[in-house]
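Chemist: sharing a model prediction with you, sequence too.
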Amino acid sequence: MAKEYDWLTHSIENAARYWSDQSNTEAAARYWSDQFSTEATARWWVEHNAQSASSPNPRLDRKGWIYVMSNPAMPGLVKIGYSMSDPTERAQELYTSGVPLPNVVEYELRVDDPSGLEAHAHARLDHCRVNSRREWFQCSVMDAITAIGVGR
């Protein structure tokens, strides 16, 4: 986890430096605003705004899946995630001894930037997040799909 945090801190500092140098007040304001209350929002901002500083990010060159899952044992909650493999396979991976029923894939979409799109959706629904360390949100499937769609 420390390694991830170091990457994130370094990236945010570089992004802030870039946008400050460019005199882009809107982007700089986004950086300094409360949007950075979650790691997911920070990651989305770094990957979508600092990317234009032409720092190649190999993670953005890989196609993958963004998905919305539900679980009948947890009504009213949905999971928004991404996977480089088929979402149905991911649902099977998540069906462990700690989950009473298997997850149901409600929506899936193959995209160029699955991790960035996931981070964007998580940021948009942060107020619905059940646990800051999990990808489960208290919202409808349609709200989750809408949050994913807004980013593109």
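Modeler: Received it, and whenever you're ready, just let me know what you need. Numbers count the residues shown, from 1 in each chain.
Chemist: quick one: contacts for the nearest residue to residue 145 once chain neighbours are set aside?
Modeler: Residue nearest to residue 145 in three dimensions, not counting chain neighbours: residue 107, with 5.2 Å by CB to CB, 6 or more residues apart in numbering. (Glycine included, C-beta is placed from N, CA and C.) By CB atoms under 8 Å, 6 or more residues apart in numbering, the residues touching residue 107 are 67-68, 141, 144-145, 148.
Chemist: show me what the helix or strand harbouring residue 107 pairs with in its sheet, parallel or antiparallel.
Modeler: Per DSSP states H and E, residue 107 falls inside strand 104-111. Counting by DSSP bridges, the strands paired with strand 104-111 are strand 64-70 (antiparallel).
Chemist: in its sheet, what does the helix or strand just after the strand it pairs with sit against?
Modeler: With elements assigned by DSSP H and E, the helix or strand that comes after strand 64-70 is strand 77-83. Using DSSP bridges, strand 77-83 pairs in its sheet with strand 64-70 (antiparallel), strand 136-138 (antiparallel).
Chemist: lowest average confidence, helix or strand, in the chain?
Modeler: helix 25-32 (a mean of 48; mean pLDDT, DSSP states H and E).
Chemist: rewinding a little: which stretch among the strands paired with strand 77-83 comes nearest residue 113?
Modeler: Evaluated over the strands paired with strand 77-83, closeness to residue 113 peaks at strand 64-70, with 8.2 Å, by CB to CB.
Chemist: buried residues in that closest one?
Modeler: By neighbour count on 16 or more other CB atoms under 10 Å, the buried set for strand 64-70 is 64-70.
Chemist: what about the residue nearest to residue 82 when sequence neighbours are not counted, how many neighbours?
Modeler: Of all residues not flanking residue 82 in the chain, residue 114 sits nearest, at 3.6 Å (CB to CB, 6+ apart). With neighbours defined by other CB atoms under 10 Å, the count for residue 114 comes to 22.
Chemist: low pLDDT regions in this structure?
Modeler: For the chain, the stretches with pLDDT under 70 are 1-61, 150-152.
Chemist: and the helices in it, which stretches?
Modeler: All helices of the chain, identified by DSSP state H, fall at 2-21, 25-32, 39-49, 87-94, 114-124, 141-150.
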